[in-house]
Each structure stands twice: as structure tokens, then as C-alpha cells.
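**Q** 3D, please:
(one chain, ligands or ions: 2)
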Amino acid sequence: MLLTALMASALTLATQPPATLSLIPKPVSVTQASGAFVLDEHVVIGTDTASRPAATLLSGWLKATTGRATKIASKGSITMKVNPSLAKLGAEGYQLEVSPKGVSLSAPKYAGIVNGLQTFRQLWPTGKVPKFTLPALKIEDQPAYAWRGMMLDVSRYFMDKAYVLHFLDIMAAHKLNVLHLHLIDDQGWRVEIKKYPKLTEIGGFRGEGAAREGGFYTQADIKEMVAYAAARNITIVPEIELPAHTLSAVCAYPWLACTGKQHTMPTTHFISDDLYCAGKATTWTFLSDVLGELCALFPSPYIHIGGDEAKYTKWKACPDCQKKKTELGLADEKALQGWMTREVEAILAKKGRRILGWDEILRCGVSPTAGIMPWADPKAAGDAARSGNPVMMALTDHCYFDFPESKLRGELQGAGWRPPVTLQAAYDWNPVPTGLTPEQQKNVIGVQGCLWTDMFLHKPELKTNPGPALYGDYFTLPRAAALAEVAWTSQSQRSFPDFTERMKRQYVRYSDYGWNFRLPLPELVRNGNQVSAVCPIEGGTVRYTTDGTDPTASSPELKGTVTVTRFEDFKAITLAPDGKRTSLIFETVAAANQFKQYGTKLGEWKSGKVGDRKPLPVEFDATGLISSDGTYQVTFVYTGGRERLDIDKVEVFRNAETTALATDTHHGFTGGAKKDNAYTLKINGYQTGARFTVRAHIYGDEGSDSNGVVLIKKISD
Ligand code: ACM
Ligand code: ZN
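**A** Numbers count the residues shown, from 1 in each chain. Ligands and ions are numbered 1, 2, ... in the order given. Sure thing, here's the model as predicted:
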């Protein structure tokens, strides 16, 4: 009697399991049973030797959630065991059982134990709780794809070891299992190579004086990262770009390129045509040495050799490259790149490794053993799968997370040469190209998200706290969750509405873990004059305004429905349960399009931030808005304040250049009346990936109390 009462109170004291499980990625099979397990101070983790690193991870998570250290022993109420007789679950599958008596996690291999552990953690309540109950259930699960990758470009923007370890935690939480490290590019060489110390001494840093920046991983750092990843079932695949994207190496050792010319490390983004010389024997000694040290550091079965975007201008003019091409009887430089790729493949094959490269290597002629990573050319995916090559899908429109999720006001600016990659775009696609036989379909071995950082090069805010997490986490989350589900859950079990429903708790998990995720906008439903909202995060609220001002955390909460008379003035945001993090602003198309005739919003000027009777330069980031050569019009539209705005001059700058690419000097103003308030700028010198800045010399005519909007529009090619 007494015992029963005690047990009942223990159950009610512990946080009850949520009604839905909200597991991401969605498992193959979940069978719920009756009863629950109470996870309290009596819990012991019982593990076999093989699962011990996973048990250590679990005890760390339990400490963060319950505030208590949990004992690890050979027997306990949470058991973890590698069991080869479960081979039917595949290399990474697992079985997780929760009953009132305990939790049992078993898998044919360690990889499955780690995957199951991530699912187990998602069964816990969010927040910090000393004890909680878990619903009785049985989960059997295994991934759809073997390659579930994320690429991190640490070359263009150096992310230190601490951030890489943090990124590995983000990946592990999503059961992603390949970290493709883009270690080398024109703007930085990031891995210590003992035989060639200048690669990092010179190639690891750029800029002068206070603007100097960079860094690299020592071989000891790499060993630590590889081990940290392995404990989380992640393989680190290094990428050594060749023959292009190698200016950092050429700056260190000019003899690597055709001309031997000494270059200085670039401080802006561009793609150099100083390729490794294909015709000089010294190139091959170098590559063989570097690949040797690399293979000793990274145990991955694949080594990524890049192969993208090679411009052959220097090869065409190089006597050594031309001699090699003739000697080999090759038709052109593309074939020379193909030869180089196969030579590198042979060097790596002797070390028991395979190569993997961007889709261009397929067009240069590769063997069917080379992995192909389609990015720009979707057709390459089908062609590669038909030729029997392993294919890892990384298509820009679904997988490039350096593109922002939207073009909304206030969005962090990323790459702009393709449309934004929305969460739905990252989710709603089938990695298997159409028109393949079932056998050919098996060659598509996985998917990968890519976080390029060439746009980060120019972000001054990254030089201060919170550093790389500001952009790295924000661009990765939540799209990594979409990627995880594309990679893990079979196509027939996936649906975007079901995914967004489960994401409501995932955002709270991100909050608990302290990750800088992008909180989505509220979903608004309009019926005549009535507006209601769906909050995209569990425990969050939707805040709104109807007077045209931007909503904040303290704006009224939108509960049920509200009546809105002027939709142009209706705005709403999501507010996270922490009461701090907010989404970008939802505004009606009418509000967003108020100034549409003048083009896209470039920015705003604000009271106090413009010159007081004297011109003051104010800058606007036009990257992504200036997207090709041509004539652009920049228009100033006054919206409020005591003063009209006067404009003396508007200039456009590329990257950090000090000479303007275009200038329009004339006097104009905008206020109660307006005159000549549009500026015409002819851009000749557009470069992919370059940053563009509009600098306006503006002032209030009698003070600086002026507000308005600046818009940009392309008016001719
Ligand atoms: C690439 O984005 N150049 C692979
Ligand atoms: Zn050459």
C-alpha cells in the first residue's frame, strides 16, 4: 500500500513524457507500449567495452539535463551493447527498447549504438529537469543512405578547432556521419604538412597589420578532431583541392604553378587560374608527399580531391603542360585534368584510399571507382550513377547552406548567385535522379550539405563574439535537420508538414544545447479580415503589430484570431520560449512591396545616422542585389522624421577596393517633396562571389532627424 503510493508519487513528480515523440530524423519503426521508465538518481549506465565512448557521451548529456553525474558500470538500468547477431539492422542500425524496468540499446556495431543514443536523448523532456519519465516503446531503425555529410569550408574563413568540435556535435545530433573538411582553397591552407611548413606559415594567413587573419590545424589538432568525430560515428574526409583553388599553396611555393610567379595571399574572394602545373615533375613529388601525410592523419576511406572550376589559361600558355599533353596524346586541357585526376587516384589507391571529387571530374574522364559529388550540374548525378560511380548528392539548390533561407529584411546575407535555399527546398527533394534502373539507383550512396564561407570573408561582425557560430550555426540550423531526414528516412516515409510539426520540439532542443539556430517566422492564416497564427516552436508565442511598426518581444501576443483592417500595416514575429530569440518579421506582400516600383530594398537610413547639414557616407551591402554587369538605379524614399534627406553622391565599391566601380554625383532630395532622388550606376566588373557596397553621401537639410528606405533596381544590361 505504502510502496504503491510512493511509486505513484515518484511517477507524478517526474516530468511526464510528451504526447508526441517528435523524433528527427524520423525512425523506420516506433512501437509504443504501456508503462513508463523513471529516469532518476538511481539510474546506472551499464555498458560493454565497445560502447564505452557512447556511455561517456550519455553521462555528459545526463549531467547537463539532470545536473547529476551518472555512474557507468558493466551492468545498469540503461544498458548499451554491441550485438553482432542484429546484423539485419545494417552497419548503422540500432534497436532501442524502453520498458518500466529499464532502457536497452543494442546494435550490430558501435555506429548503431551512437545513432540509437541520439534517438534516446530526443525522448527526454526539454529544459533542465532532475528526473523524468520515458514512455515504454520499441524502436528499430537504420538509415536510408550510408553517406550523410556536411561540408565545412574552413579555408575561406578559418573556423578554429573548438568550432569544428562544436560542429561535430551538431552533426552527431542529426545522425550525420561524414564531415567533409574543405581544408584548402585560394584563400587559405589549413592543415600542417611537416615537409612543407610554408603551406601554413604563408598559406594559412592573409592581410597585413591589424587586418591580418587566419590559422591552421596542427597535426595534433587533426588527430584530436578525428578521434572526437569517431566517438560520434563521424568520419572526417579531407579535401585537398586540385588542380584549381590552390593559390594558398602557390603563394607558399611559387614553383607549384606554371609561371613560378610570387603571389601574395588574397584577402578577397576570387578563383585563381594559377593551377598546379600538370607538366612539372616537382608537382608530383609535392602531391605525393602531401597526400602521404594526409593519409596518415585521416583514416577515411575517401580523400576528396576537389577538381571544380579549373580555368586553363595558364596551362594553355605553359610549355611544360603543353609538352605533357602532347606526350600523352591528349585532345585538350580538360583531358589533361582527367589524366591528373587518374594519377592522383593511383597514388591514393596504393594507400588503400579512393578519390572523390566535384561533378567536373566526371566530365574530364574518371575511372568508375571515383566518387562523384554533383553540385552545379544535376545531370552529372544520373550520368555518374549510370557509369557505376558512387554518387554523393550536394546540389546547390537543396544542399548549399551558404545561401540564406530567405531574402527577407534582416536576413543574414550569404551567397547570392542562386535563389535562397528554404527549409522546404532542403527537405522536399529526392536524391535519386529519375531514369535510373534499380541497380543504378544503388550507386547514389548519400547526400551532403555544404557550408561554403567565401561570403564570410567580408563580414566584420565575425571578428567579434560570437564568432563563427553567428553564421555557422545560423546557416546550418535548421537546414541540417532537413538534410538529416533526406539522408536517413526513406523517401516514402517523408513529408514536409509532418517534419515541420516535429521540428517544433527540435528548436527547443537547439535552444537547450545553446546553438545559434534560425527561428522560423510564424505561419499565418488569413480568412477575410481575420488572421490566426501557428507558432513554429513549442512553448513559443507569436507577437504582432497593426500600426506598421516592427513587432518586438513585448508586442501583444497573437492568440486565436485578430481582426486586421489594413494588411499593409500588419506584422508578426515568432518569440522563442526563452523570451529573447525572435524570428525575422512577417509582413504582408503589400507592406513588403510598398516601394516595389523602385526595386528591392537595399537598406534604410535612420534618424541620427545621417549627416547633420553636411554629407556623411552611409554604406549599404548590395551583395546579391548587384548580381551581374549592367546599369542599376538606387532610389531614396523618405518615410518620416523632421528633415528631408539630401543626397550629394552615390558610389559602388567591389570588395575592399578603394576606387569606386561606379559613381553618380548630383544633388537630389526626398521629403515632403522630392527631386532627382534616383542615382544611376553603371557596373562593369561584376565578379561571382565578390562583395558589393553602395556608399551614399547623405544628410538632413536642417539636422539629422530623417528616416527612409533605399531601393535598388537593375534598369538595363
Ligand atoms: C563548388 O561549389 N565550387 C564545388
Ligand atoms: Zn604548367
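
**Q** confidence score at the closest residue to ligand 1 within the stretch 501-650 of the chain?
**A** Nearest residue of the stretch 501-650 of the chain to ligand 1: Gly624, at 16.3 Å (Cβ to the nearest ligand atom). The C-beta positions use only the backbone N, C-alpha and C, and glycine is treated the same way. Looking at Gly624, its pLDDT stands at 85.

**Q** for the closest residue in space to it that isn't next to it in sequence, phi and psi?
**A** Spatial nearest neighbour of Gly624, excluding adjacent residues (Cβ to Cβ, 6 or more residues apart in numbering): Gly416 at 2.4 Å. With angles defined as degrees, to the nearest 10, Gly416 sits at phi -130, psi 10.

**Q** and if you look at Tyr632?
**A** Dihedral angles (degrees, to the nearest 10) for Tyr632: phi -120, psi 150.

**Q** so what's it up against?
**A** 626, 652, 662, 680-683, 712-715 (Cβ atoms under 8 Å, 6 or more residues apart in numbering).

**Q** ok, 6 Å please
**A** Residues in contact with Tyr632 (Cβ atoms under 6 Å, 6 or more residues apart in numbering) are 681, 712, 714.

**Q** check Leu451 too.
**A** Per Cβ under 6 Å, 6+ apart, neighbours of Leu451: 152, 401-402, 475.

**Q** do you know the pLDDT at it?
**A** Reported pLDDT for Leu451: 97.

**Q** so the residue nearest to Gly624 is in contact with Leu625, correct?
**A** No - taking Cβ atoms under 6 Å as the definition, Gly416 is not a contact partner of Leu625, at 7.5 Å.

**Q** could I get the full set of strands for the stretch 101-250 of the chain?
**A** 102-107, 132-141, 147-153, 178-182, 184-185, 188-189, 205-206, 213-214, 235-242 (DSSP state E, counting those that start in this stretch).

**Q** can I get those strands in CSV including distance to ligand 2 and mean neighbour count?
**A** Shown next, in CSV, are the strands of the stretch 101-250 of the chain (distance: least, Cβ to the ion, whole Å; neighbours: other Cβ atoms under 10 Å):
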stretch, distance to ligand 2, mean neighbour count
strand 102-107, 51, 23
strand 132-141, 52, 20
strand 147-153, 27, 26
strand 178-182, 24, 25
strand 184-185, 19, 28
strand 188-189, 20, 30
strand 205-206, 25, 20
strand 213-214, 28, 18
strand 235-242, 13, 23
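
**Q** with distance to ligand 1 added, can I get the ones you listed in TSV?
**A** Output for the strands of the stretch 101-250 of the chain, formatted as TSV (distance: least, Cβ to the nearest ligand atom, whole Å):
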stretch	distance to ligand 1
strand 102-107	34
strand 132-141	32
strand 147-153	9
strand 178-182	9
strand 184-185	9
strand 188-189	15
strand 205-206	20
strand 213-214	21
strand 235-242	9
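
**Q** backbone phi and psi for the residue of the stretch 501-650 of the chain closest to ligand 1, please?
**A** Torsion angles, degrees, to the nearest 10, at Gly624: phi 90, psi -20.

**Q** Tyr699 too?
**A** Per-residue torsions, Tyr699: phi -160, psi 160 (degrees, to the nearest 10).

**Q** quick check, it in contact with Lys609.
**A** No - contact criterion Cβ under 6 Å: Tyr699 and Lys609 do not qualify, at 10.7 Å.

**Q** look at the two and report which has more neighbours.
**A** Legend: neighbour count by other Cβ atoms under 10 Å for Tyr699 and Lys609, higher for Tyr699 (23 against 13).

**Q** identify the bridge partners of that one.
**A** Gly611, Asp646 (DSSP bridges).

**Q** where among the strands of the stretch 101-250 of the chain is the average confidence lowest?
**A** strand 213-214 (a mean of 92).

**Q** partner strands of it and their direction?
**A** Partners of strand 213-214 in its sheet, by DSSP bridges: strand 205-206 (antiparallel).
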